[in-house]
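Trainee: Structure, please.
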Amino acid sequence: MTAGNRVPRRRIARRGQSLLEFTLSAVPVIFLLLSIVEMSRAMWVYVTLAHAIKEGTRFSVVHGADCVQVNPDCQITVNQVAARIITAGMGLDSRKMNVVLQTAGATQTCAPVSSCLDVATAWPPSPDNSVGLPITISGTYPFSTAMAMFIPQSGSIKFGAMSFGATSQQEIAF
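Mentor: Down below sits the predicted model:
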């Protein structure tokens, strides 16, 4: 090589320094962006679960004894409530969502909620379908974050897996 074709040592050192600075700043920024995405996804799962449970409760409380006396077609069943919850929880896997329907004297467990799509039992059951009596629907849904793959797992401690829960209680209106 001739003296005119040589790259100055100072320029080579600067290129290495730029790469190092980019790496040291890009890694935390990428983790920050992934964390924001995962937190947003977790919030979406919780809000969707809460909405689905609330919608199932609303649907149940307007189909009580007074509604059935006026219109016999007003009687609903467990599978209709389960279908309403699944529809309102669009985007959530119905095979992972567990739901418990409760009145003062009856409990119907749907674990998972899709298992209750075959149950044709009247809901809310008589005599717990009178106006003013409470109906409670609660549900759980597992959430696991993709960020867990960056956290070392050891022994019985598992990071990134949690279960969201939502409960809604209202009194029968009709």
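
Trainee: Centre of the chain to the helix or strand of the chain with the lowest mean pLDDT, how far?
Mentor: Lowest mean confidence among the helices and strands of the chain (mean pLDDT, DSSP states H and E): helix 65-70, at a mean of 86. Distance of helix 65-70 from the chain centroid (CA atoms, centre = their mean, to the nearest Å) equals 34 Å.

Trainee: Could you spell out the sheet neighbours of the very next helix or strand once past that helix, each with its direction?
Mentor: Sequence order places strand 76-77 as the next helix or strand after helix 65-70, per DSSP states H and E. Here strand 76-77 is paired, per DSSP bridges, with strand 122-123 (antiparallel).

Trainee: still on that earlier bit, report the buried residues of the least confident helix or strand of the chain.
Mentor: 65, 67-68 (16 or more other CB atoms under 10 Å). Just so you know, the C-beta spots here come from the backbone N, C-alpha and C atoms, and that holds for glycine as well.

Trainee: just stretch 124-144 next, same as before
Mentor: So for stretch 124-144, counting by 16+ other CB under 10 Å, buried means 124, 128-129, 133, 135-141, 143.

Trainee: Which pair of these spans the longest distance?
Mentor: N129 and F143 (33.9 Å; CB to CB).

Trainee: rewinding a little: and the buried residues of stretch 124-144, which is closest to A50?
Mentor: Among those, and counting by CB to CB, the member closest to A50 is G139, at 8.7 Å.

Trainee: surely the closest one meets L101?
Mentor: No: with contact defined as CB atoms under 8 Å, G139 does not reach L101; the gap is 9.8 Å.

Trainee: Within the helices and strands, which one has P142?
Mentor: Using DSSP H and E, P142 falls in strand 134-144.

Trainee: again with M162
Mentor: strand 161-171.

Trainee: ditto for T109
Mentor: Here T109 is assigned to strand 107-110, by DSSP H and E.

Trainee: And that strand, what's buried?
Mentor: 108, 110.

Trainee: ok, residues contacting that strand?
Mentor: 78, 82, 98-102, 116, 119, 121, 123 (CB atoms under 8 Å, 6 or more residues apart in numbering).

Trainee: Run through the protein and note the low-pLDDT ranges.
Mentor: 1-4, 6-15, 150-160 (pLDDT under 70).

Trainee: phi, psi of the residue most central in space within the chain?
Mentor: Among the residues of the chain, the one closest to the centroid is V45, at 3.1 Å (CA atoms, centre = their mean). Main-chain torsions, V45, degrees, to the nearest 10: phi -60, psi -50.
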